[in-house]
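*Asks:* need the 3D shape of this:
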Amino acid sequence: MGIGKIEIILLIVLVIILLFVGAKKLPELARGVGQSAKELKKGFSEGLPEEDKTAKKSSATKKK
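*Replies:* Here you go, the predicted structure:
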């Protein structure tokens, strides 16, 4: 079980990003990506019709 092709490609991409961005800016970049993902999820949930929102909330409370 060695490293596969996908892992090698991912490692190369991460090294390239580290070279371009720099180690000090990497946490800021990751924070920005996280906030973008959060805003995207929020935008999708706001675009749902009302009955979909209530069904989603009720199914989430049943899982807890």
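*Asks:* and stretch 26-36, what's its mean pLDDT?
*Replies:* Per-residue pLDDT over stretch 26-36 has a mean of 89.
*Asks:* identify the residues contacting it?
*Replies:* 17, 18, 21 (CB atoms under 8 Å, 6 or more residues apart in numbering). Using the backbone N, CA and C atoms, a C-beta is placed for each residue, glycine as well.
*Asks:* can you tell me how far the residue nearest in space to the middle of the chain is from residue 44?
*Replies:* Centroid-nearest residue in the chain: residue 37, 5.1 Å away (criterion: CA atoms, centre = their mean). From residue 37 over to residue 44 the distance is 11 Å, taken as CB to CB, to the nearest Å.
*Asks:* swap in residue 33?
*Replies:* As defined by CB to CB, residue 33 lies at a distance of 17 Å from residue 44.
*Asks:* ditto for residue 36
*Replies:* As defined by CB to CB, residue 36 lies at a distance of 13 Å from residue 44.
*Asks:* ok, then the element right after the host helix or strand of residue 12?
*Replies:* With elements delineated by DSSP states H and E, residue 12 resides in helix 5-21, which encompasses its position. Next helix or strand after helix 5-21 toward the C-terminus (DSSP H and E): helix 26-47.
*Asks:* run through who's touching the helix holding residue 12.
*Replies:* Counting by CB under 8 Å, 6+ apart, 3, 26, 29 sit against helix 5-21.
*Asks:* got CSV for those residues, with neighbour count and distance to residue 10 too?
*Replies:* Putting the contacts of helix 5-21 into CSV (neighbours: other CB atoms under 10 Å; distance: CB to CB, whole Å) gives the following:
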residue, neighbour count, distance to residue 10
3, 9, 10
26, 13, 15
29, 13, 16
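*Asks:* of all those, which comes closest to residue 49?
*Replies:* Nearest to residue 49 out of those is residue 29 (CB to CB; 35.1 Å).
*Asks:* how about TSV for the contacts of helix 5-21, with distance to residue 13 added?
*Replies:* Compiled in TSV, the contacts of helix 5-21 are given as follows (distance: CB to CB, whole Å):
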residue	distance to residue 13
3	14
26	13
29	13
